[in-house]
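Participant: Next one to model:
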Amino acid sequence: MRNYDFTPLTRSTIGFDRMFDLLDNAFTASQADDGWTPYNIAKTGDNSYRIEVAVAGFSSSDLTIVAQENVLTVAGRKNADQQALYMHHGIASRAFERRFNLADYVRVASANLINGLLTIDLVRELPDALRPRRIDIGTDASQPQVITQDKAA
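Facilitator: Residues are numbered from 1 along each chain as shown. Predicted coordinates:
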């Protein structure tokens with residue numbers, strides 16, 4: 001098992017703390033991931049994504065979805081059915097928690113549970129101030145041109 005120490009890099013950088021935290025979390029999470037609860041991540045458009053999590057045997061009341069800062073957490077806790085005496089118990093109903101790191105300005109648009117597949121639609125909404133804007137180039141050197149947001153293309 002390799003351990004990476006990003007401390008020497010963080011001493012000489014400013015504003016990249018979150019990036020190094022993500023790298024550190026990615027290394028530790030990949031070692032602790034047991035693979036339970038298979039999932040898919042699909043890009044459905046230029047700024048839209050879909051996460052599909054296989055949750056066979058779970059109802060919507062057994063599942064929780066929490067979006068906090070840039071982390072989406074999907075958890076499932078099922079109360080064991082004490083009445084049933086299984087001859088064969090092949091469908092796992094153990095508790096799980098799956099975390100997804102979200103990029104900035106990504107929000108959860110909707111979540112649906114259909115036929116044991118939890119579908120979470122995500123949308124990336126960039127604020128107007130961060131969208132690219134066209135800047136006209138003036139030719140009159142004596143008069144500086146004022147750039148306003150409403151002239152953005």
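
Participant: Now A56. Nearest residue, chain neighbours left out?
Facilitator: Distance criterion C-beta to C-beta, 6 or more residues apart in numbering; nearest residue to A56, sequence neighbours excluded, is G116 at 3.9 Å. Glycine gets a C-beta too; all of them are placed from N, C-alpha and C.

Participant: which residue packs closest to L72, ignoring adjacent ones?
Facilitator: F100 (4.4 Å).

Participant: and that neighbour, what is it in contact with?
Facilitator: Contact analysis of F100 by C-beta atoms under 8 Å, 6 or more residues apart in numbering lists 41, 51, 71-74.

Participant: hang on, it in a helix?
Facilitator: No. Under DSSP: H, G, I helix; E, B strand; the rest coil, F100 falls outside any helix and is assigned strand.

Participant: any idea of the pLDDT on it?
Facilitator: F100 is assigned a pLDDT of 91 by the prediction.

Participant: Tell me the buried residues within the contacts of F100.
Facilitator: Among these, those classed as buried by 16 or more other C-beta atoms under 10 Å are 51, 72, 74.

Participant: where's the first one, which helix or strand?
Facilitator: In other words, I51. Using DSSP states H and E, I51 falls within strand 48-54.

Participant: who touches that strand?
Facilitator: For strand 48-54, contacts defined as C-beta under 8 Å, 6+ apart pick out 37-44, 72, 74, 98, 100, 106, 109, 116-124.
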